[in-house]
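J.: following is a predicted model, sequence given first.
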Amino acid sequence: MKRIKIKEILRSENEKKQVLVKGWIRTKRESKDFSFLEVNDGSCLKNIQIIADTALSNYSEIEKITTGSAVSISGKLVESIGGGQKWEIKAETIDIISFAPETFPLQKKRHTDEYLRTIAHLRPRTNKYSAVFRIRSELSYAVHKFFHDQDFQYVHTPILTSSDCEGAGELFRVTTLDLNNLPKLDKKIDFRKDFFGKEANLTVSGQLSAEMFALAFGDVYTFGPTFRAENSNTARHVAEFWMIEPEMAFCDLNQNIVLAETLLQYLVNHVLDNCDEDLTLFANFVDKQLRSTLLSIVSSGFIKLPYTDAIEQLMKAKISFEFPVEFGKDLQSEHERYLTEEVFKKPVVIYNYPKNIKPFYMRLNDDNKTVAAMDVLVPRIGEIIGGSQREERLDVLEKRMEENNLNKEDYRWYLDSRRFGSVPHSGFGLGFERLIMLMTGITNIRDVIPFPRTPKNIEF
RNA sequence: UCCCCAGUAGCUCAGUCGGCAGAGCAAGUGGCUGUUAACCACUGGGUCCGCGGUUCAAGUCCGUGCUGGGGAGCCA
């Protein structure tokens, strides 16, 4: 007989003569004549209640079942006599696949997130984390569905890259050289002896590669892991994270902003429509305002504010900031949060930033002072999307690279795209983990990725 | 990397002024019950994060290191 998932069982309309369920024991309650077992198989938040009668041939074994043990149960699906659940299984056979000894670290009580982080390999067996990772999976699907429905091509951009792309951010070095015996040439490391014959790193963004494909396919997106070796110790940063990067040809900054808004609203709606049970857990136990926050995102358009207007808004703010507001400087976290949480209470798109605080590839505006950049800020998290219209004019781009002391030789292929059929194009990066934080109300990014990598931590 | 806070039983935490190491949950045993984080009784369970110092005496005070958390910067 084929096993049936608990999610499907709980949707049943009628009793069933025989079902087969496999999963892990969450809790056991013993009665005089029988025991109640609660089994979870990860297919949904809820457990199925099992009635184990003392008449079962291996009842003495069943009595010893502990939380965390793996079991296989066949029996009759019947309406529950007790309150609290509609269905239960009157077990005919209970096979214990394996016992979890009493050292099993998860108990049937609330654990702190900090503790669960130390047992990240077991935390998906808790209610909260199974809900997080089901939503993560559902959101991944929704991302692909959104772009597929809009005829975007999915591009796999490289994870291994040659050095210095973007020239910003700390990179993870990739090498096969023997670090205890490095080949030297004139007292410097001889990278000609390394695997690729030159320095190599893990990617910090798929953007530059995605641009090349946008200039062939029109609309493309990437969705993959990204690596930053920044020594960041915050609830919003990890060294390995996932990013969604659409890139569109024949697209200006305004159209870019529209896509960012449409995408975020689509994803929120998808979760509201498809993850209600898991969402309810977060709305009840993690963030009481979760539903109103999500509804504020889908119910109306985002606020769009040029950088200069944002600065003006902040200048006239009645509260005092730790860091002064000043034109030409990037917004601090406190400024971003003030705008999105206090002033507008919904997502805010800030665009046209001063060129000196943004990377070389962003398109220079006619004022010669600002670039066509945009950041989407959301309550609690701050920046969730960063993007821009790209500089498509070869001469302007080369000048910007010179100003930033970048070696044009390293970017020959990138500059080629501006030599041969260059067109206006735009794109952005959406932080996938920050998106999940937004959807769940979880405030630490380490709790929305299965095995977080942070400075001094690469366990599991 | 900088600032602040914390580390006590398997887990969550209390521990007063420096004076015998505590509770709840979990575990074990027994009881009761269509139970719902079941309930009741009993039992076992400690490198008080490590190292050094002050003191008759340190979980408690001081120094230092490690780990975790919160905030900042960098950004998604």
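T.: Looks like it came in fine.

J.: and the helix or strand of chain A with the lowest mean pLDDT, C-alpha only, in PDB?
T.: Ranking every helix and strand in chain A by mean pLDDT, DSSP states H and E puts helix A:59-62 at the bottom, with a mean of 83. Extracted C-alpha coordinates of helix A:59-62, given in PDB (Å, rounded to 0.1, in the frame of the first residue of the first chain):
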ATOM      1  CA  TYR A  59       1.900  -2.600  22.600                       C
ATOM      2  CA  SER A  60       4.700  -3.100  25.100                       C
ATOM      3  CA  GLU A  61       7.100  -1.600  22.400                       C
ATOM      4  CA  ILE A  62       4.600   1.200  21.500                       C
END
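
J.: tally of neighbours for the residue in the stretch 1-150 of chain A that RNA strand B sits nearest to?
T.: At 2.4 Å from RNA strand B, residue A:82 is the closest residue in the stretch 1-150 of chain A, using C-beta to the nearest atom of the strand. The way it works is simple: take the backbone N, C-alpha and C, and place the C-beta from them, glycine included. Neighbour count of residue A:82, defined by other C-beta atoms under 10 Å: 9.

J.: if I pick it, what's in contact with it?
T.: residue A:88 (C-beta atoms under 8 Å, 6 or more residues apart in numbering).

J.: top strand in chain A by residue count?
T.: What stands out as the longest strand in chain A, according to DSSP state E, is strand A:16-30.

J.: burial count for residue A:410?
T.: Residue A:410 sits with 15 neighbouring residues when counted by other C-beta under 10 Å.

J.: now it, what are its backbone angles?
T.: phi -70, psi -20 (degrees, to the nearest 10).

J.: and residue A:200, by the same measure?
T.: According to degrees, to the nearest 10, residue A:200 has phi -140, psi 150.

J.: tell me the confidence at it?
T.: We note a pLDDT of 89 for residue A:200 in this prediction.

J.: mind listing what the nearest residue to it once chain neighbours are set aside touches?
T.: Of all residues not flanking residue A:200 in the chain, residue A:174 sits nearest, at 4.5 Å (C-beta to C-beta, 6 or more residues apart in numbering). Residue A:174 makes contacts with A:160, A:195, A:200-202, as judged by C-beta under 8 Å, 6+ apart.

J.: and those near RNA strand B, which?
T.: Checked against RNA strand B using C-beta under 7 Å from any atom of the strand, those yield no neighbours at all.

J.: in TSV: those residues, plus secondary structure.
T.: As requested, these are exported to TSV (DSSP: H, G, I helix; E, B strand; the rest coil):
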residue	secondary structure
A:160	strand
A:195	coil
A:200	strand
A:201	strand
A:202	strand
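
J.: touching, residue A:135 and residue A:436? I think so.
T.: Yes: with contact defined as C-beta atoms under 8 Å, residue A:135 and residue A:436 form a contacting pair (6.5 Å).

J.: just give me the closest of the contacts of residue A:174 to RNA strand B.
T.: Nearest to RNA strand B out of these is residue A:202 (C-beta to the nearest atom of the strand; 12.6 Å).

J.: now residue A:283: phi and psi?
T.: Per degrees, to the nearest 10, the backbone of residue A:283 is at phi -70, psi -30.

J.: ok, it touching residue A:290?
T.: Yes: Residue A:283 is within contact range of residue A:290, at 4.5 Å (criterion: C-beta under 8 Å).

J.: quickly list what's touching both of the two.
T.: With C-beta under 8 Å, 6+ apart, residue A:283 and residue A:290 have common neighbours residue A:441.

J.: okay, and the beta partners of the closest residue to residue A:196 other than its chain neighbours?
T.: Excluding its sequence neighbours, the residue lying closest to residue A:196 (C-beta to C-beta, 6+ apart) is residue A:162, at 7.2 Å. Following DSSP bridges, residue A:162 is listed with bridge partners residue A:200.

J.: and the helices in the stretch 1-150 of chain A?
T.: A:6-10, A:59-62, A:113-118, A:127-149 (DSSP state H, counting those that start in this stretch).

J.: show me the shaky parts of the stretch 151-300 of chain A.
T.: Along the stretch 151-300 of chain A, the parts satisfying pLDDT under 70 run over A:163-169.

J.: now residue A:188, which residues is it bridged with?
T.: residue A:185.

J.: any idea how many residues pack against it?
T.: Residue crowding around residue A:188 was assessed by other C-beta under 10 Å; the count is 9.

J.: check contacts around the nearest residue to residue A:27 once chain neighbours are set aside.
T.: If the residues on either side of it in the chain are set aside, residue A:27 comes closest to residue A:108, at 4.5 Å by C-beta to C-beta, 6+ apart. For residue A:108, the contacting residues are A:26-27, A:67, by C-beta under 8 Å, 6+ apart.

J.: and residue A:277, its phi and psi?
T.: Per-residue torsions, residue A:277: phi -60, psi -50 (degrees, to the nearest 10).
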